[in-house]
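Visitor: Sequence first, then the predicted structure, then my questions.
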Amino acid sequence: MIPKTIDELDKIREECKSMVNRRASVSAATAVVPLPGVDTAADIAIMLELVPAINRKFGLSPEQIEHLDSATKAKFFVIITSIGSELIGKVITKELIIKLLKKIGVRVSVKQVAKYIPLIGQALSAGVSFGAMKYLGNSHIDECYIVCKRMIET
């Protein structure tokens, strides 16, 4: 359900940020595993679950938007397009998540290389992983927040 007030919207944003912190912690924990590719696979799985969950919380999943009247749908799509979101109101696929992860490719590359530095490297890799997941999740929350806020204000 789409939030009706700014207070309700703020509450949803805080719930989602908490959810992002939990998932970023899981990402950091998997980054410590010294096997190549385990952390990347985990990051993809985390984001495949996290992004749709955030969309649902804000009432912006494809299924929720589909149930809206035509005029409201049109407003949503205009706002979504105007902010340039690639994740709101769309079915989230592995390919879409990989594209998103490539946008922060430098961080992911640093994480992979850092793993091979004994002790410090694993801590660095975990920190980079946590930061990258938190950045991606919070950026998506911010986009959802903007879309819903604009809908409330119109």
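Guide: Done, it's in. Numbering: from 1, shown residues only.

Visitor: Residue 12 against residue 58, yeah?
Guide: Yes. With contacts counted by Cβ atoms under 8 Å, residue 12 reaches residue 58, the gap being 5.9 Å. Heads up, the C-betas are built off the backbone N, CA and C, glycines and all.

Visitor: shared neighbours of those two, anything?
Guide: Residues touching both residue 12 and residue 58 (Cβ atoms under 8 Å, 6 or more residues apart in numbering) are 3, 148.

Visitor: More neighbours: which of these two?
Guide: When neighbours are counted by other Cβ atoms under 10 Å, residue 12 and residue 58 differ, and residue 58 comes out ahead with 23 against 20.

Visitor: Tell me who's in contact with residue 30.
Guide: If a contact means Cβ under 8 Å, 6+ apart, then residue 30 has 38, 39, 42, 43, 129 as its contacts.

Visitor: What helix or strand is it located in?
Guide: Secondary structure assigned from DSSP states H and E places residue 30 in helix 6-31.

Visitor: average model confidence for that helix?
Guide: Taken as a whole, helix 6-31 has a mean pLDDT of 95.

Visitor: re the thing from before, closest to residue 67 among the contacts of residue 30?
Guide: Closest approach to residue 67 among these (Cβ to Cβ): residue 43, at 31.3 Å.

Visitor: Okay, buried residues for stretch 31-38 please.
Guide: By neighbour count, and taking 16 or more other Cβ atoms under 10 Å as the criterion, the buried residues in stretch 31-38 are residue 31.
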